[in-house]
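Engineer: okay, predicted coordinates and the sequence, questions at the end:
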Amino acid sequence: MYEARAAEEAERRAAAGELESLLVSKLTELGGLQAAVERAEAAGVDGEVLRRGVLKLEELEAEEEARLEDEEREAVAEEERLRAEEEARGRAEDAERRRAEAEESARLEAEAAARLEAEMEAERERIEEEERRHVEEAAAAAAAASAEEA
């Protein structure tokens with residue numbers, strides 16, 4: 001029984017010593033401190049060392065939670081930035097497509113106007129040629145009529 005108590009006391013001292021050394025070393029690793037606090041609690045360590053260990057553990061947990069929240073905010077901000085870039089890229093592509101469509105439409109309209117102008121010019125030339133033929137035929141008929149009268 002004395003040996004069991006001595007072993008418990010040795011474990012309590014070892015757990016308290018481990019926890020104290022972690023606290024003194026300004027440990028920032030949450031897992032190691034959490035294991036040391038759990039060991040100290042299981043060994044029955046009480047008093048100032050355990051209280052400081054629990055406080056430090058709570059502090060590290062709060063820091064870890066804040067770090068995770070910051071990472072989440074940064075991830076959300078990055079996601080929003082990427083989404084905004086994609087939307088801007090989409091708008092730029094739409095604007096480029098509309099510009100290309102407008103250029104193509106203007107080119108087709110210019111070609112149609114040039115074809116219409118060419119067709120109208122050909123029609124004017126045909127009408128002028130027809131009128132000249134009528135004038136020549138009328139002049140020839142008048143000359144023939146004058147020649148018969150004479």
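Structural biologist: Done, it's in. Numbers count the residues shown, from 1 in each chain.

Engineer: how about the helices in this protein?
Structural biologist: In the chain, the segments counted as helices under DSSP state H are 2-24, 30-43, 48-149.

Engineer: okay, these in a markdown table with mean neighbour count and mean pLDDT next?
Structural biologist: From N, CA and C alone the C-beta is placed, and that goes for glycine too. A markdown table is the format used below for the helices of the chain (neighbours: other C-beta atoms under 10 Å; pLDDT from 0 to 100):
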| stretch | mean neighbour count | mean pLDDT |
| --- | --- | --- |
| helix 2-24 | 14 | 77 |
| helix 30-43 | 17 | 81 |
| helix 48-149 | 11 | 94 |
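
Engineer: just give me the residue closest to the centre of the protein.
Structural biologist: residue 82 (2.6 Å; C-alpha atoms, centre = their mean).

Engineer: against residue 94, how distant is that residue?
Structural biologist: 19 Å (C-beta to C-beta, to the nearest Å).

Engineer: show me what contacts residue 43?
Structural biologist: 8, 11-12, 14-16 (C-beta atoms under 8 Å, 6 or more residues apart in numbering).

Engineer: which residue is the nearest non-sequential neighbour of it?
Structural biologist: Spatial nearest neighbour of residue 43, chain neighbours left out: residue 15 (4.0 Å); criterion: C-beta to C-beta, 6 or more residues apart in numbering.

Engineer: how about the contacts made by that neighbour?
Structural biologist: 36, 39-40, 42-43, 45.

Engineer: and what of residue 20?
Structural biologist: With C-beta under 8 Å, 6+ apart, residue 20 has these contacts: residue 49.
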